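[1] Below is the structure, and that's it, no one-letter string:
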């Protein structure tokens, strides 16, 4: 049995505070890694120390709730908890200007209207015509609403099957690890809606969503992979997320 396994055994069986502190110290580096990868896409006005502080709380929660006997890798489990805690802090900070949120909502409504009229996701020129703007103005608008879409898949939405009345869209794709049958139905519902919506996205939009939200690459790193500018990546990401949110919210509220 390795040293870290002994610490887990001491903490889980005896509630040893010393063992818990040593486990936290062993994995403290995960907080900085997750906080850094999230912060590089955020404006300088967001204090990285606030994110690290929130991440530490996520790590503590991960240590307290982790079940080694289930055979999962703690690093993966902890990274999920740390990320969730940091995203909660970002929402609490309300760092996205109200005007940007408003523009994001208006774009989302436009996608929803056009999809309803066309029975498919709209093309760029169709969105431009609906908004009465040029393609350049549309691309500038997508760049402007980027802050409102960076954590959109993690934002809360109504959960009709849970006592908490809240479900994060991203949880519909990730394994919730829940034993609550009603909540699992909600996850399944959202997962199926997202799966359908993602398949309808253009290939480049699907790729950007996958690289950003699942591979957790930064916008700059995605730009290098796709050989396009970081600004162009942010436009593609914003467009994809607005389409997905429109699709999910339409179906959930139906």
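    Here it is on my side, so go on. For clarity, every value in this text was computed on a predicted model and none was experimentally measured.

[2] Please count neighbours and contacts with C-alpha atoms only from this point.
    Noted.

[3] Can you tell me how far residue 4 is from residue 19?
    Distance, residue 4 to residue 19, using CA to CA, to the nearest Å: 9 Å.

[4] out of those two, which sits in the busier spot?
    residue 19 (19 against 13; other CA atoms under 10 Å).

[5] What lies in contact with the stretch of helix or strand the more buried one belongs to?
    In this structure, residue 19 sits in helix 17-27 according to DSSP states H and E. With contacts defined as CA atoms under 8 Å, 6 or more residues apart in numbering, helix 17-27 is touched by 4, 7, 8, 10, 11, 59, 60, 63, 75.

[6] Just the buried subset of those, please.
    Buried subset of the contacts of helix 17-27 (neighbour count, 16 or more other CA atoms under 10 Å): 7, 8, 10, 11, 59, 60, 63.

[7] I'd like to know how far the third one sits from residue 21.
    To residue 21, residue 10 is 12 Å away according to CA to CA.

[8] just the last one next, same as before
    Relative to residue 21, residue 63 is positioned 10 Å away (CA to CA).

[9] quick one: low-confidence parts of this structure?
    152-187, 190, 252-254 (pLDDT under 70).

[10] which of the residues in stretch 245-254 are buried?
    Applying 16+ other CA under 10 Å to stretch 245-254 flags 245, 246, 247, 248, 249 as buried.

[11] Same question for stretch 25-37.
    Buried-residue list, stretch 25-37, by 16+ other CA under 10 Å: 30, 31, 32, 34, 35.

[12] May I see the buried residues of stretch 222-239?
    Quick answer for stretch 222-239 (16+ other CA under 10 Å): 222, 223, 230, 231, 232, 233, 234, 235, 236, 237, 238, 239.

[13] which other residues reach it?
    139, 142-143, 145-146, 149-150, 204-205, 208-209, 211-212, 219-220.

[14] re the thing from before, quick one: which of the buried residues of stretch 245-254 sit in helices?
    245, 246, 247, 248, 249 (DSSP state H).

[15] Just name the closest of those residues to residue 39, please.
    Residue 39 lies nearest to residue 245 out of those, by CA to CA, at 22.7 Å.

[16] which element is residue 41 on?
    Short version: residue 41 belongs to no helix or strand, going by DSSP H and E.

[17] Spit out the contact partners of it.
    So residue 41 contacts 150, 218, 219 (CA under 8 Å, 6+ apart).

[18] From those residues, which land in helices?
    residue 219.

[19] Counting neighbours, which of the contacts of residue 41 comes out on top?
    Ranking the contacts of residue 41 using other CA under 10 Å puts residue 219 first, with 22 neighbours.
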